[in-house]
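A.B. asks: Need the 3D shape of this:
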Amino acid sequence: MSEAPYLAGLNDPQKQAVLHTEGPLMILAGAGSGKTRVITHRIVHLIHEGTAPHNILAVTFTNKAAKEMRERVSDLTKKYFPSDRAVIDSFPLVTTFHSLGVRLLREFHDTLGLRRHFTIYDRSDSQKAVKKAIEDAGYNPKEFEPRKILGMISRAKGDAMTFLEYKDAASSFPEQVAAEVWEKYEGTLKKEHALDFDDLLAKTLFLLKTYGPVRETLQNRFKFIHVDEFQDTNRVQFEIVELLVGESQNICVVGDIDQNIYSWRGADIKNVLQFEKHFPRATTILLEENYRSTQTIIAASNDIIKKNQNRVDKNVFTNNHEGEKITLYAGMTGYDEAEYVAMKAQSLIADGAEPASIAILYRTNFQSRSLEEAFLNFEVPYQLLGTKFFERKEVKDVLSYLRLALNPGSNADLTRIINEPTRGIGKVTMLKVIEGKRSELNAGAAAKVKVFDDIMSDIAKIAIEKPLSDTIKFIMSRSGIEAGLKEEGTEDALERIENLRELVTLASRFNDVEPSEAVEQLLETAALQSDQDELKEKEEQNAVRLMTIHAAKGLEFSYVFITGLEEGLFPHERLDDGRTDQEEERRLFYVALTRAEEKIFLTYAHLRTIFGSQRVNMPSSFLNDISKEHVEMHEPEEGGGKGGYETTIYLD
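C.D. replies: This next block holds a predicted model:
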């Protein structure tokens, strides 16, 4: 019997995965091993074998991934079933977890007592509602940060906890407060006929757990379920999938433990490790052949990931060519490193590389600042994925304090920061301050405004006396911004602190200039660089990509630079407790390496200036894990880079 045409070009494990349609299946797919191809061809095979397309569900995490998968399935069905009306008129449901939740909650809204067109709160709506809930519960939002309380509630919902379960388990005072606030917040959502982002999954799970007829209806509808990026699922997502799977247990999950990099967001690696425990009849297939990268890149990434203990062993290989060695560059200073990256990218483009085929990856957002500057100086087209350094809220807030201190008439800055962080100054009070009507303020409002005035007075005094970097540090401390972020303690808050410390780094370049002139130069740098960035983004879509490694997951580039490979930076040491999750950091490095098709450049800096004194950096321990045969050292030019300044890391 001749082989079905859609199986042509698949390797043996890929074919095995496509043809295995009965019972639970786990596909452990190495980076670049064609997992999307396997899922889409498996869907085509199911249709070919007689399954109605609408009985097939495929769930993934991002809109981009779902769109790509839908397009591939559409192209394949048109190719292999060009005249089959039943196939053309029906289509598999390919969607994200949250979109699936919205679809099911709208369909069964009556069962849950929801309006069909319920409101979906975004993060900002939720924070406002939580702030009010904190006040309604009798607490002070200045003492209990709404963003932090919302984070606690969000994490609990992701862990599939109900409000009552959370309340019963609350052991600390902040958890007890969060439980009280959650109850009030839930009341607001109900009154507004609204769900927040986490409810789209939590309420879907509640629907499936509580209502048997709904569960049976959906189990009969979705006869074959596929889950992409299974290693990124949290508990609530796993339980939704588990309940959607009927007695036939026709579930196919595709994942890679080695690319589990979102534990801080609730992703649970146990979902992969214990899949066979939940589905005892499960078959596991390994996709180990990489179609993306050179043999050198695969060998180096295998060197890195095999050190992890918490994984399923697999041997990723490729039949691609050996490729170039990995280039390792150690800059004398942080700016030497940034200059090297910009010049090397410039050289690759001159040799014919498309700018968009080059990616510059870094562990944390603050590292983008010196790289952006180097790319601007060397006029290399670039596009920053994520918020540009000077457009980040915390950076803009600190610069507003600086501007207002030296220009008390700046109402735009006053409006931005008079209640940032929260001081209980309302809009009416703020308007009276702006209009010069302070005499009309009541005693309570006047006292709050005086606290702010005292802060601004202290900053103004420091700004004309001290070096600029000291002024920025002082603003971070005196304004309460740094303390608020430290207290919040989330991954996002800690990254915001790192961005502010990078602002100190930048400010230190102006320390030998007279203080008031230094302020002007920094503010001019911020304004001009921001304008140029915007121009670059609009005009240069074919540009080098600058992004964090987390943002690069799922993407691929011909040339990849991985920067800042120093102990404490990558692997990254958390600011709040100094801990490092070595296995997750190693997985992150593995993800970075496996983005590359042709060539990798690894960079770090020997020296960074810390509080005015030079210190030697230890190269990342990860560098020692790559076999020396795969690496070539690029020696710096004599005298280092041309930029003439060093990067400063601001540490406590």
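
A.B. asks: just wondering, since we're on residue 247, how far is it from residue 278?
C.D. replies: Per CB to CB, to the nearest Å, residue 247 is found 15 Å from residue 278. For every residue, glycine as well, the C-beta is placed using N, CA and C.

A.B. asks: Residue 510 too?
C.D. replies: Residue 510 is 58 Å from residue 278, by CB to CB.

A.B. asks: what's the answer for residue 303, then?
C.D. replies: Distance, residue 303 to residue 278, using CB to CB: 32 Å.

A.B. asks: Give me the neighbour count for the residue nearest to residue 186 when sequence neighbours are not counted.
C.D. replies: Nearest residue to residue 186, sequence neighbours excluded (CB to CB, 6 or more residues apart in numbering): residue 163, at 6.0 Å. Other residues lying near residue 163 total 16 when counted by other CB atoms under 10 Å.

A.B. asks: Could you number the chain from 390 rather than 1 from now on?
C.D. replies: From this message on, residue numbering opens at 390, which makes the last subject residue 552.

A.B. asks: mind listing what residue 552 touches?
C.D. replies: Residues in contact with residue 552 (CB atoms under 8 Å, 6 or more residues apart in numbering) are 568, 571-572, 575.

A.B. asks: what lines up beside the longest strand anywhere in the chain in the sheet?
C.D. replies: In the chain, with assignment by DSSP state E, the single longest strand is strand 985-994. Partners of strand 985-994 in the sheet, by DSSP bridges, are strand 715-720 (parallel), strand 946-951 (parallel).

A.B. asks: starting at the chain centroid, how far to it?
C.D. replies: The chain centroid and the centroid of strand 985-994 are separated by 21 Å, computed with CA atoms, centre = their mean, to the nearest Å.

A.B. asks: Please work out the average pLDDT along it.
C.D. replies: In this model, strand 985-994 has an average pLDDT of 95.

A.B. asks: Can you list the neighbours in contact with that strand?
C.D. replies: 681-683, 686, 689, 712-713, 715-723, 725-726, 729-730, 733, 945-955, 982, 1006, 1008-1009, 1012, 1020, 1036.

A.B. asks: buried residues in that strand?
C.D. replies: 985-994 (16 or more other CB atoms under 10 Å).

A.B. asks: check contacts around residue 707.
C.D. replies: Neighbours of residue 707 in contact, by CB under 8 Å, 6+ apart: 421, 678-684, 687.

A.B. asks: Report pLDDT for it.
C.D. replies: For residue 707, pLDDT reads 91.

A.B. asks: and the gap between it and residue 416?
C.D. replies: Taking CB to CB, one finds residue 707 at 18 Å from residue 416.

A.B. asks: Please enumerate the strands of the stretch 390-539 of the chain.
C.D. replies: Secondary structure of the stretch 390-539 of the chain (DSSP state E, counting those that start in this stretch): strands at 414-418, 445-449, 482-485, 508-510.

A.B. asks: mind listing what the third one pairs with, with the direction of each?
C.D. replies: So the one you mean is strand 482-485. strand 445-449 (parallel).

A.B. asks: Likewise for the last one?
C.D. replies: According to DSSP bridges, the neighbouring strands of strand 508-510, each with its direction, are strand 583-585 (parallel).

A.B. asks: Now do the partner strand: distance to the chain's middle.
C.D. replies: Centroid separation between strand 583-585 and its chain, computed with CA atoms, centre = their mean, is 23 Å.

A.B. asks: ok, residues contacting that strand?
C.D. replies: Residues contacting strand 583-585 (CB under 8 Å, 6+ apart): 494, 503, 507-510, 514-515, 577-578, 592.

A.B. asks: Recalculate using a threshold of 10 Å.
C.D. replies: 490-491, 494, 501, 503-504, 507-512, 514-515, 518-519, 539, 542-543, 546, 574-575, 577-578, 590-593 (CB atoms under 10 Å, 6 or more residues apart in numbering).

A.B. asks: Pull out the buried members of the residues you listed.
C.D. replies: 490-491, 494, 501, 503, 507, 510, 514-515, 518-519, 539, 542-543, 546, 574-575, 577-578, 590-593.

A.B. asks: okay, and for the stretch 690-839 of the chain, where does confidence drop off?
C.D. replies: Along the stretch 690-839 of the chain, the model assigns pLDDT under 70 to no residue.

A.B. asks: Can I get stretch 861-872 in PDB, CA atoms only?
C.D. replies: Extracted C-alpha coordinates of stretch 861-872, given in PDB (Å, rounded to 0.1, in the frame of the first residue of the first chain):
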ATOM      1  CA  ILE A 861      19.600  59.500  40.500                       C
ATOM      2  CA  LYS A 862      20.300  57.100  43.400                       C
ATOM      3  CA  PHE A 863      18.900  59.700  45.800                       C
ATOM      4  CA  ILE A 864      15.700  60.200  43.700                       C
ATOM      5  CA  MET A 865      15.200  56.400  43.700                       C
ATOM      6  CA  SER A 866      15.400  56.300  47.500                       C
ATOM      7  CA  ARG A 867      13.800  59.600  48.600                       C
ATOM      8  CA  SER A 868      10.800  59.300  46.200                       C
ATOM      9  CA  GLY A 869      10.000  55.900  47.600                       C
ATOM     10  CA  ILE A 870      10.100  54.300  44.100                       C
ATOM     11  CA  GLU A 871      12.800  51.800  44.900                       C
ATOM     12  CA  ALA A 872      11.400  50.800  48.300                       C
END
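
A.B. asks: quick one: buried residues of it?
C.D. replies: Quick answer for stretch 861-872 (16+ other CB under 10 Å): 861-865, 867-871.

A.B. asks: And those residues, which two are furthest apart?
C.D. replies: Distance extremes for the buried residues of stretch 861-872: the farthest pair is 861 and 869 at 14.8 Å, using CB to CB.

A.B. asks: surely residue 706 meets residue 683?
C.D. replies: No. Residue 706 is not in contact with residue 683 according to CB atoms under 10 Å; the separation is 11.8 Å.

A.B. asks: Spatially nearest residue to residue 849, not counting backbone neighbours?
C.D. replies: Spatial nearest neighbour of residue 849, chain neighbours left out: residue 794 (4.2 Å); criterion: CB to CB, 6+ apart.

A.B. asks: residues touching residue 495, list them.
C.D. replies: Counting by CB under 10 Å, 6+ apart, residue 495 makes contact with 503-507.

A.B. asks: Pick out whichever of residue 636 and residue 667 has more residues nearby.
C.D. replies: Neighbour count, other CB under 10 Å: between residue 636 and residue 667, residue 667 has more, with 16 against 6.
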